[in-house]
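[1] Below: sequence and its predicted model.
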Amino acid sequence: MTSVSDVFKRLRDRGECALIPFLTAGDPSLEVTAAALKRLDDNGADIIELGVPYSDPLADGPVIQAAATRALKNGVRLDGVLEMVEGLQSELRAPIILFTYYNPIYHRGVSTFLKQVAQAGVRGLVVPDLPLEEADTLLQQTQEMGLELTLLVAPTSSKERIETIAKSSQGFIYLVSTTGVTGIRAQLEDRVQDLILELQGVTDKPIGVGFGISQPDQARQVKEWGADAAIVGSAFVKRLAEGSPKQGLESITEFCRALKSALSTEI
């Protein structure tokens, strides 16, 4: 797996927008998650975001919360997730970004946690409850270990805060499309376009838009607005959970192809 930054550089050189699907690890099982990661990798995913099940997922909406609850009830824990990812290192082209809350990092210790995820082949991190003011230690150590910590910009962020986040974020900048939690939404707020332009005015780092994208036309919309990536979470998690594991895998395969097709169409 290459780095997150390398993927964005390659796509930018070709004038393409990245597709970043999200899955909750261990729902319905780690075996199905492994199969799902390979399906996404084979059908258009450029980078894959993998959520570690957590008991108090403050940034997640009902779909991902329910998936995390099911995974935890099935005994899925961080060690099992990392073992699964490590077993796929030679099979995946798309780099894995681990989406985790800060508590598991704090519990293990920053250095120990980062060593373990790096050994597993994880290439990036998103920590949604890590305030910018507390991110320096993690930013420094991820850089030293060849990992990339991507920071989030919210629609309510001030101009000064946006500039600071843009300067510090590694890999790309994660632009949250709406206030509130993750989830499927009928349409994206027009303010997203303004935020993309504002970010482009202060940084040349790639910008990924997430929270709320659930249809190919919405992914295409953020591309037209100038984003470098469309991040799609709840819509994938919901599809994988519906029906049998086989049906879920087929559903996310078709959905991934449709999203990538929408992002690949010339504007």
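    Received the coordinates, thanks.

[2] Surely D217 touches A262?
    Yes: contact between D217 and A262 holds when scored by C-beta atoms under 8 Å: they sit 6.6 Å apart. From N, CA and C alone the C-beta is placed, and that goes for glycine too.

[3] Which residue of the two possesses the greater neighbour count?
    For D217 and A262, the more surrounded residue by other C-beta atoms under 10 Å is A262, and the numbers stand at 19 against 11.

[4] Could I get the contacting residues of the more buried one?
    For A262, the contacting residues are 216-217, 219-220, by C-beta atoms under 8 Å, 6 or more residues apart in numbering.

[5] Can you select the buried ones among those for me in ChimeraX?
    The following ChimeraX line selects those of these that are buried, judged by 16 or more other C-beta atoms under 10 Å:
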select :216,219,220
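
[6] buried residues in stretch 79-91?
    For stretch 79-91, a neighbour-count test (16+ other C-beta under 10 Å) marks 80-82, 84-85, 88 as buried.

[7] Touching it from outside, list them.
    Among residues not part of stretch 79-91, those counted as contacts by C-beta under 8 Å, 6+ apart are 1, 25-26, 30, 33-34, 37-38, 41, 50, 52-53, 96, 116-117, 119-122.

[8] now with 7 Å?
    1, 25-26, 30, 33-34, 37-38, 52, 96, 116-117, 119-122 (C-beta atoms under 7 Å, 6 or more residues apart in numbering).

[9] same thing with stretch 30-46?
    The list of residues contacting stretch 30-46 from outside it, by C-beta under 7 Å, 6+ apart, reads 7, 11, 18-21, 23, 25-26, 48, 76, 80, 84, 88, 91-94, 240, 245, 249, 252-253, 256-257, 259-260.

[10] could you redo the last one with a cut-off of 8 Å?
    For stretch 30-46, contacts defined as C-beta under 8 Å, 6+ apart pick out 7, 11, 18-21, 23-27, 48, 50, 76, 80-81, 84, 87-88, 91-94, 96, 229, 236, 240, 245, 248-249, 252-253, 256-257, 259-261.
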